[in-house]
Each structure stands twice: as structure tokens, then as C-alpha cells.
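Peer 1: Okay, predicted coordinates and the sequence, questions at the end:
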Amino acid sequence: MARNKVQFQKGLSEARFAILYGTEEQCREQVFGWRWPSGFVCPVCGGKRHSVVKTRALYQCASCRRQTSLIAGTIFASTKVPLCTWFRAMYHLTQSKGGISSIELGRRLGVTQTTAWKIKHKLMQVMMERDATKRLTGRIEVDDAYLGGERNGGKRGRGSPGKTPIVAAVETTPEGKPSRLKLRRVKGFRRAEIATLAKRNFDPASTIVSDGLRCFAGVGNAGCVHQPIITGAGRKAALAPAFKWVNTTLGNIKSAITGTYRAIRNKHVPRYLAEFEYRFNRRYDLAAMMPRLGYVAVRTPPMPYRLLKLAEDHA
């Protein structure tokens, strides 16, 4: 039997990572190249002529005299952590299929768990913003799921305390292979909620294949064709060929969350889902995933710690 090319690809080895990003100077050069591929451009006047204030590592525009930090206005802004530490964090987030907890990340980076949490969530914010506006198209398998489980003494099943409702959608190719993934937290499984999700995440020309859950009829309000398939419940429904990829993906995500994080808070669910979504959608080239994340990171606005802790994304 042929080996799975995605599963057995080499990716970016630790040795290769050390050669490319092993020093702070190498990391600064990479960030400069990602931010200004054609050379320095002043963020105020657009001037290209500049000098370097070496004592403060700033770039000063020759036209307007504005001094600019290499990381100002990026996700790295105001960090006191060396860039090489950020790069190692990007490496672990992109090369680990099942994710990595902030506790384990802190051990590997040699920083506190709080610092690792900040770095991890800022990078997951980059992932979330990157894929937020990209829509799935063609044939799309969708399914509902819950993250978490009942608490001691609480109600069991749908609506039990501690559960977070989510919708998973997998775009498939004409050959029936999984192409791209969308994972979205929802307020509940209601038709209006699904209609809003579909308008934001599915191309109107898409064909949505779902089970018999009534709320999925809401995709029709977004202009999509709806193909409901009654599967019943239990293991037989999970094995239905029409939902092979979305069920496989949900199973992998739930296993990874349980094994890596055990539990995640509801308000942070969108970022954790974005992490799995980002890796899945770029799984065909693991080695390129890290520099691609870095390129987007320098184009993502700063995300202060207070917003990471408090803000909730309802998209």
C-alpha cells in the first residue's frame, strides 16, 4: 500500500531550523525580508532612503526623519523576548500535528508558562486572522460537534454545562479528497446562526452536504445548495461515507485537544480551532509553513495581552 505523502513528508528538521534561524541576527534578517521584501519603506511617508540607528536598532527615514523599529506594528511589537525565541515557538506550532500546550512550550523555549501562553496565543491570533475571510467552495461536508463534556452532577448530552458548540466544514476535491477546512464556534445550532456562518465562510455556489439536523437548512439563506442526508445516530452515522472527511477531522481535533490541552476555555476556542485549521490547510508543505506564518505575522497588528485574555471572537 502506498504511503501517505502528507504524513511521511520530511518537514522542517530541527537541524535545518538551527541553520536557518539559529541566531538573533538571522531572525532579524528574516523579519526584515518578510516586512520589506524590496527594501525598507517608511510607514509614514513611504520613503526608501534611510539610515540605521545602531545603538537602538532603529531605521530612520531620510525624508521625514521618522524612526521605525523592525517589529513596530507587527504581532511581535513591544516584545521583550528575543526574536529567536519567537521563531522557535513558530517552529513548534507549525511542525507539531497535534499542537503543543503552553506548559510544554515554556519548557522547550526556556521561558515561563505565562510568557509561552502569550507567544502561543499571539501566533494563533495570526493564524485566525489569516484565514478569517477565505471561503470554502465546491462540495463541502459539514457537521456539528461539541468541545468539552458534562461536569460532575450536570446535565448530560446536548446543552450540558461546559460544552462549546462548533461547526466543522471540509471542502473536498472532485476526486473526493479533503482540500480545506473551516472550524467555527457558534452560539448554538439554530438556522439563523448557520445562515450567518454560511454567508461568512462558504461561497454561494457551494453545495453543502449535511446530516438531518434541521439548522443546516440555513445554508440555503446564503445561496448555497443544501443536500441533507439522514444518517441516524451513533457509530453508524459517524461512518457514513458522505461525511468521511469531516468526521475524520473532528475525531483528530478532539483527540488532539484532549491529549494536548485536556480542556480549553470557551472564549479562547476560536484561536485553538484556528491553529488546527491553519495547519490542516497548509499540510502539503510542512517545511514552508513556518516562513509563511512569519510572513503573515509581520502583517498582523499588535495584540496586547489584555485583549488576548478578554476579547471573544464570535465570527
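Peer 2: Good, I have the coordinates.

Peer 1: Which pLDDT value goes with residue 307?
Peer 2: At residue 307, the pLDDT value in this model is 87.

Peer 1: Can you tell me what sits against stretch 195-206?
Peer 2: 135-140, 167, 169, 182, 184, 186, 208, 218-225, 315 (CB atoms under 8 Å, 6 or more residues apart in numbering). Every residue, glycine included, has its C-beta placed from N, CA and C.

Peer 1: residue ranges of the helices in this protein, please?
Peer 2: Counting by DSSP state H, one finds helices in the chain at the ranges 14-21, 24-35, 83-95, 102-109, 113-131, 191-201, 235-238, 244-256, 269-281, 286-297, 305-310.

Peer 1: could I get these as JSON lines with mean neighbour count and distance to residue 70?
Peer 2: Formatted as JSON lines, these follow (neighbours: other CB atoms under 10 Å; distance: least, CB to CB, whole Å):
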{"stretch": "helix 14-21", "mean neighbour count": "14", "distance to residue 70": "15"}
{"stretch": "helix 24-35", "mean neighbour count": "16", "distance to residue 70": "6"}
{"stretch": "helix 83-95", "mean neighbour count": "21", "distance to residue 70": "9"}
{"stretch": "helix 102-109", "mean neighbour count": "17", "distance to residue 70": "21"}
{"stretch": "helix 113-131", "mean neighbour count": "21", "distance to residue 70": "17"}
{"stretch": "helix 191-201", "mean neighbour count": "19", "distance to residue 70": "34"}
{"stretch": "helix 235-238", "mean neighbour count": "12", "distance to residue 70": "49"}
{"stretch": "helix 244-256", "mean neighbour count": "17", "distance to residue 70": "34"}
{"stretch": "helix 269-281", "mean neighbour count": "22", "distance to residue 70": "24"}
{"stretch": "helix 286-297", "mean neighbour count": "19", "distance to residue 70": "12"}
{"stretch": "helix 305-310", "mean neighbour count": "12", "distance to residue 70": "21"}
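
Peer 1: Quick one: buried ones out of the contacts of stretch 195-206?
Peer 2: 135-137, 139-140, 167, 169, 182, 184, 186, 208, 218-219, 222, 224 (16 or more other CB atoms under 10 Å).

Peer 1: Of these, just say which sits nearest to residue 96.
Peer 2: residue 182 (21.3 Å; CB to CB).

Peer 1: would CSV of the helices of the chain with distance to residue 213 be doable?
Peer 2: Shown next, in CSV, are the helices of the chain (distance: least, CB to CB, whole Å):
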stretch, distance to residue 213
helix 14-21, 44
helix 24-35, 43
helix 83-95, 33
helix 102-109, 34
helix 113-131, 25
helix 191-201, 9
helix 235-238, 11
helix 244-256, 13
helix 269-281, 20
helix 286-297, 34
helix 305-310, 32
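
Peer 1: Now tell me which of those helices the model trusts least on average.
Peer 2: Among the helices of the chain, helix 235-238 scores lowest, with a mean of 60.

Peer 1: Show the contacting residues for residue 294.
Peer 2: 30-31, 34, 87, 90.

Peer 1: give the contact list for residue 216.
Peer 2: 142, 194, 208, 210, 226, 228.

Peer 1: actually residue 103, not the one I wrote
Peer 2: By CB under 8 Å, 6+ apart, the neighbours of residue 103 are 113, 116.

Peer 1: before we move on, what about residue 296?
Peer 2: 126, 130.

Peer 1: now it: how far from residue 146?
Peer 2: 30 Å (CB to CB, to the nearest Å).

Peer 1: I'd assumed residue 123 was in contact with residue 274.
Peer 2: No. If you go by CB atoms under 8 Å, residue 274 and residue 123 don't touch, sitting 10.0 Å apart.

Peer 1: Can you say which two of the buried ones among the contacts of stretch 195-206 are spatially most distant?
Peer 2: Longest span within those, CB to CB: 139 and 186, 21.5 Å.

Peer 1: so what's the nearest residue to residue 53 once chain neighbours are set aside bridging to?
Peer 2: Among residues not flanking residue 53 along the chain, residue 60 sits closest, at 5.7 Å (CB to CB, 6 or more residues apart in numbering). For residue 60, the beta-bridge partners are residue 51, residue 67 (DSSP bridges).

Peer 1: since we're on residue 60, how many residues are nearby?
Peer 2: 17 (other CB atoms under 10 Å).

Peer 1: residue contacts, residue 178?
Peer 2: 170-172, 245, 248-249.

Peer 1: how much space between it and residue 144?
Peer 2: From residue 178 over to residue 144 (counting by CB to CB), the distance is 18 Å.
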